[in-house]
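[1] 3D model of this:
(2 chains)
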Amino acid sequence: MIKSPRGTRDLLPPDTALWNFVEATVRDVFRAYNFHEIRTPIFESTELFARGVGEETDIVAKEMFTWEDRGRAESDRGQSLTLRPENTAGVVRAYIEHKLWDRGLNKLFYIGPQFRRERPQKGRYRQFYQIGAEVIGPAASGSESPARDAEILELLATLLDRVGITGWTLELNSVGCPADRARFNEALRAALEPVVAKMCADCQRRAVTNPLRVFDCKVPEDQSVIETLPRISQFLDEGCRTHFEQVKEILTAVGVPFTLNGRLVRGLDYYTRTAFEFTHGALGAQNAILGGGRYDGLSEALGGPAAPGIGFAIGEDRLVLSLAATADSVLRTPDVYIAPLGPGMNREAARLARELRRSNKDLVVELGDESFRLKKSFEAADKLKSRYILIVGENEVKADAFALKHLASGEQVSVPRAELAARIARH
RNA sequence: GCGGGAUUGGCCGAAUGGCUUAGGCGCUGGAUUGUGGCUCCAGUCACGAGAGUUCGAUUCUCUCAUCUCGCCCCA
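    Numbering: from 1, shown residues only, chains lettered A, B, ... in the order given. Have a look, this model is predicted:
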């Protein structure tokens, strides 16, 4: 049997109803904040990710699905292409390519699949879905303002509430500018040198490869040492410090709760200043339901104009996973099941179905078959959880009035053809 | 890439070195052919793949695959 590739999965009903509910709700929220949708290709030139995400990141170094194009045209042949492992680089590429700043488009959102070749786990797949948004534009558009950071975070709090996620935590930090980080890294290495020998094997490795990651350590014995290490907050320059203060002030003013986490560091090279994560307890080791931050230098790194930006990506798989609601609760069931009774009734049933659907586009109409015995039609209507069953038999056709039965109450009435749609509609 | 745990029918879930091997849900049909949801009856569907041990394996061993929980990293 051919199975779906490792780390991929089929989403089936009723789960798809839950996914659609999430996406519809999210679109509503984005609309209220005046964000507009962008759809970028699911594969891009490999160079985009190498430059945009960072050569040294795990994503680029070992997790991308990459292949070489073998097109006929000289321009295609040999080009290295990659399934997108995240969507920010693609959005910024499009921003530069189409000069979106000239069109006043600076608040964009996307929903779509991303690909990383990782070991699958709970809430981690090789094809996974992200819902993300970016605010990007020339500094004159206000894109650098702490007000944008706060608005994004407030939007996220609203979004999670609307979707029905309870018990989330917003963790907040500032990772400063590249210059701040360089000085911090230096100080960190210096501070680690005398003590690293006492730490766990992972930390000893991190101390060499990427000192920032020492803060991710969860080994209890190492915590006391980690507490003594310098924090990024001590290395922020005046501009970054003020920026972060203002973000916190606005958040407090609008009433979005947050926790400062001086140990929060982001994995991707392009992040600057504000960094954040929303976590949820029900997710095990992958407790981050979404992550994001500011990336003021990304556009320039990709050859574009200076364009400060801030964005986030929600792991949609993880979001759905932490939803308390069951898929059944958002699954729409039929309003009416039409039961053609006996030979020749399919035609009349089809006409009725068409009339009902045309007269009220919100009605969900399920059509049975004339070969069914009436008992079987009832069973089918019950199984589908239809609200009404509409019987289409010879008597009804003669009278041009049809037996309509409410299945839950058992109440049955004869309804003239012209009144059917109104009768069935939800009140 | 590295560890631990799993892998029984459409789904959940027992037992067992040989004697069809549960139970529940589901699905199909029936209990006299224009009225269901309850009940009853009948039917339906399996031991992840390969190799080995054995007279014989779903049950023991090994390898692989997949899933899962961690590490790494991230959404």
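[2] what's the nearest residue to residue A:370 if we skip its chain neighbours?
    residue A:340 (4.0 Å; C-beta to C-beta, 6 or more residues apart in numbering). (Glycine included, C-beta is placed from N, CA and C.)
[3] Quick one: residues contacting that neighbour.
    When contacts are counted by C-beta atoms under 8 Å, 6 or more residues apart in numbering, residue A:340 touches A:346, A:348, A:349, A:367, A:368, A:369, A:370, A:372, A:392.
[4] My guess is residue A:246 contacts residue A:148. True?
    No - here residue A:246 does not reach residue A:148: they are 10.8 Å apart, not a contact under C-beta atoms under 8 Å.
[5] and the residue nearest to residue A:370, what are its bridge partners?
    Residue A:340 forms beta bridges with residue A:392, as assigned by DSSP bridges.
[6] Out of the contacts of residue A:340, which is nearest to residue A:102?
    residue A:367 (51.7 Å; C-beta to C-beta).
[7] Burial check on the closest one, number of neighbours?
    19 (other C-beta atoms under 10 Å).
[8] per-residue pLDDT, it?
    Among the per-residue scores, residue A:367 holds a pLDDT of 94.
[9] How about the residues of the stretch 1-150 of chain A by RNA strand B?
    Contact residues, the stretch 1-150 of chain A versus RNA strand B (C-beta under 7 Å from any atom of the strand): A:3, A:6-7, A:57-59, A:86, A:116, A:118-125, A:128, A:130.
[10] which residues touch residue A:30?
    With C-beta under 8 Å, 6+ apart, residue A:30 has these contacts: A:36, A:37, A:109, A:133.
[11] Residue A:137 too?
    Contacts of residue A:137 by C-beta under 8 Å, 6+ apart are A:101, A:106, A:143, A:307, A:308, A:309.
[12] Provide a list of residue ranges in the stretch 151-300 of chain A with pLDDT below threshold.
    A:218, A:220, A:267-269, A:282-286 (pLDDT under 70).
[13] Give me the spatial nearest neighbour of residue A:130, chain neighbours excluded.
    Using C-beta to C-beta, 6+ apart, the closest residue to residue A:130 is residue A:313 (4.5 Å).
[14] What helix or strand is the one you found located in?
    strand A:309-315 (DSSP states H and E).
[15] picking that back up, list just the nearest of the contacts of residue A:137 to RNA strand B.
    The closest of the contacts of residue A:137 to RNA strand B turns out to be residue A:309 (C-beta to the nearest atom of the strand; 14.3 Å).
[16] what sits against the closest residue to that closest one other than its chain neighbours?
    Leaving aside its chain neighbours, residue A:309 sits nearest to residue A:136 (3.4 Å; criterion: C-beta to C-beta, 6+ apart). By C-beta under 8 Å, 6+ apart, the contact set of residue A:136 is A:91-92, A:95, A:100, A:106, A:108, A:143, A:299, A:307-311.
[17] For those residues, work out which two are farthest apart.
    A:100 and A:310 (15.6 Å).
[18] out of those two, which sits in the busier spot?
    Between residue A:100 and residue A:310, residue A:310 has the larger neighbour count (other C-beta under 10 Å), namely 28 against 19.
[19] Please identify the buried residues of stretch A:298-309?
    A:298, A:299, A:302, A:304, A:307, A:308, A:309 (16 or more other C-beta atoms under 10 Å).
[20] so of those residues, which ones are in strands?
    If you go by DSSP state E, these have residue A:309 in strands.
[21] Can I get the buried residues of stretch A:298-309 in CSV including distance to RNA strand B?
    Shown next, in CSV, are the buried residues of stretch A:298-309 (distance: C-beta to the nearest atom of the strand, whole Å):
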residue, distance to RNA strand B
A:298, 13
A:299, 18
A:302, 17
A:304, 20
A:307, 19
A:308, 18
A:309, 14
